[in-house]
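> Any chance you can model this:
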Amino acid sequence: MAQLVQRMTKFGTAIFTEMTLLAQEHDAINLGQGAPDNQAPAIVHERAIEAIRDGHNQYAPGIGIPELREAIAHHQQHHYGITLDPATQVQASAGAAEALTASILALCEPGDEVIVLEPYFDVYPAAIELAQGVLVPLRLEAPEFRVDEAKLRSLVTERTKLILVNTPHNPTGHLVTVPELETIAQVAIEHDLTVITDEVYEHLAFDGREHTPIASLPGMFERTLTISSSGKTFSTTGWKIGWFSGPEHLVEAVGTVKQFLTFANGHPFQYGIAAGLQLPDSEFHAIRDRLWRQRDVLVPALEHAGFEVLAADAGYFVSVDVAPLGYDNSYDFCRELPAKAGVAAIPMIPFYTDASGAESLVRFAFCKRVEVLEEAATRLERAFR
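Have a look, this model is predicted:
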């Protein structure tokens, strides 16, 4: 009888599923998974509802409706000065996860090495394994989680094919700086490497910081596939509308694989996201400022409860060290937390190939309404103070 292929047996139940079930069992506030409870700007919902009523309920074009591809091209030009041909340099996908998987399957031959910023989103190692590639972790060390040039250069071999960059970074909350991106770009150009970049939190940088796409740096557009999605910016994670863009040869290659994964998805939702991407800057700033405020509710509470807060520059997450609370293993801490405090979080051990030295790191999500975070703060302080 057929069984799961050997190379995938190490990928069991996702840690997000395990922690969500524990949260439900103990009626805990779930600050584990990055599932926002805010609403998108009204026009995003209204345009999708209008599209449903207008009958856009069958397959969309495999590459995405023209309105969405044009809106993505407009977005990249307006925010970053990146010029795209919406007909050949942009495609829609079923969220960023599908775009990432399709990219690695399309561009990675068996045995090719993919350098990945570690800790990493759990889709990355699974996709690389499916492609029969080799994940090469570039450890970002706490507390700043910065890219180290010497370490990066030491990882490049004759088998290196891709560098996978995630900024703003999940799970650490680090916004990769321009100097760090320039280091990655220099290495990619010197060794003729392709860069895949995951930028789903691009509009959520705090404290005056700004996200810079690596594709906007000199010499990088022709070797960079940029991936993003609507879920994090517009709180529409259930719609699964993502996209990938870049030079035609990369977009065509990834599209060749993508068409055999979902082919097309979310036809009416694509109209809603197209409208959202063309909103004025003030709307994007309002979305950012709301998350910024939510971060500033949770972070002081974590500090007051005794956690060592490490980073929260951007995105949905703050990473902490639970060693000051007497825990040396984040699995143990997170499995006890729902019952102990009525709050759930995510251990960061699964986001490492080898978590030695990072065993006590935990990720909390702050993409919840302020009143929810205030209640979580009260519970945490009660449990640990």
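> pretty sure Val178 contacts Thr212?
Yes - counting by C-beta atoms under 8 Å, Val178 does reach Thr212; the two are 5.4 Å apart. Heads up, the C-betas are built off the backbone N, CA and C, glycines and all.
> The two - which one has more neighbours?
Per other C-beta atoms under 10 Å, whichever of Val178 and Thr212 has more neighbours is Thr212, with 20 against 13.
> which residue ranges form the strands in the stretch 151-300 of the chain?
With DSSP state E, counting those that start in this stretch as the criterion, the stretch 151-300 of the chain has strands at 160-166, 194-198, 224-229, 241-245.
> now the ones you listed as TSV including distance to Met19 and mean neighbour count?
Formatted as TSV, the strands of the stretch 151-300 of the chain follow (distance: least, C-beta to C-beta, whole Å; neighbours: other C-beta atoms under 10 Å):
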stretch	distance to Met19	mean neighbour count
strand 160-166	21	24
strand 194-198	22	26
strand 224-229	22	27
strand 241-245	24	27
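> Mind naming the longest helix for this structure?
helix 281-305 (DSSP state H).
> and that helix, what other elements does it pack with?
Helix 281-305 sits against helix 231-234, strand 308-311, strand 317-321, helix 370-384, with contacts defined as 3 or more C-beta pairs under 8 Å, 6 or more residues apart in numbering; DSSP states H and E.
> To Leu152, which of those lies closest?
Ranking these by distance to Leu152, with C-beta to C-beta as the measure, places strand 308-311 first at 19.2 Å.
> mind checking how far stretch 333-352 is from the chain centre?
Counting by C-alpha atoms, centre = their mean, to the nearest Å, stretch 333-352 is centred 20 Å from the centre of its parent chain.
> And for stretch 81-101?
Put simply, stretch 81-101 sits 15 Å off its chain's centre (C-alpha atoms, centre = their mean).
> same thing with stretch 60-68?
For stretch 60-68, the distance to the chain centre is 23 Å (C-alpha atoms, centre = their mean).
> Pull the contacting residues for Leu117.
Counting by C-beta atoms under 8 Å, 6 or more residues apart in numbering, Leu117 makes contact with 138, 140, 147, 164-166, 169, 176.
> Confirm it sits in a helix?
No - using DSSP: H, G, I helix; E, B strand; the rest coil, the assignment for Leu117 is strand, not a helix.
> Met220: neighbour count?
22.
> which non-adjacent residue is nearest it?
Ala185 (5.1 Å; C-beta to C-beta, 6 or more residues apart in numbering).
> cool, and Phe244?
Using C-beta to C-beta, 6+ apart, the nearest residue to Phe244 is Ala99, at 4.4 Å.
> got it, and Arg290?
Closest residue in space to Arg290, ignoring its immediate chain neighbours: Asn38 at 6.5 Å, by C-beta to C-beta, 6+ apart.
> Export only the CA atoms of whatever helix or strand Leu337 lives in, formatted as PDB.
Element membership for Leu337 (DSSP states H and E) is helix 330-341. C-alpha atoms of helix 330-341 as PDB (Å, rounded to 0.1, in the frame of the first residue of the first chain):
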ATOM      1  CA  SER A 330       9.900  27.000  24.100                       C
ATOM      2  CA  TYR A 331       7.900  23.800  23.400                       C
ATOM      3  CA  ASP A 332       7.400  23.300  27.100                       C
ATOM      4  CA  PHE A 333       6.600  26.900  27.700                       C
ATOM      5  CA  CYS A 334       4.000  27.100  24.800                       C
ATOM      6  CA  ARG A 335       2.300  23.800  25.700                       C
ATOM      7  CA  GLU A 336       1.900  25.000  29.300                       C
ATOM      8  CA  LEU A 337       0.900  28.600  28.500                       C
ATOM      9  CA  PRO A 338      -2.800  28.200  27.500                       C
ATOM     10  CA  ALA A 339      -3.600  26.500  30.800                       C
ATOM     11  CA  LYS A 340      -1.300  28.600  32.900                       C
ATOM     12  CA  ALA A 341      -2.200  32.100  31.500                       C
END
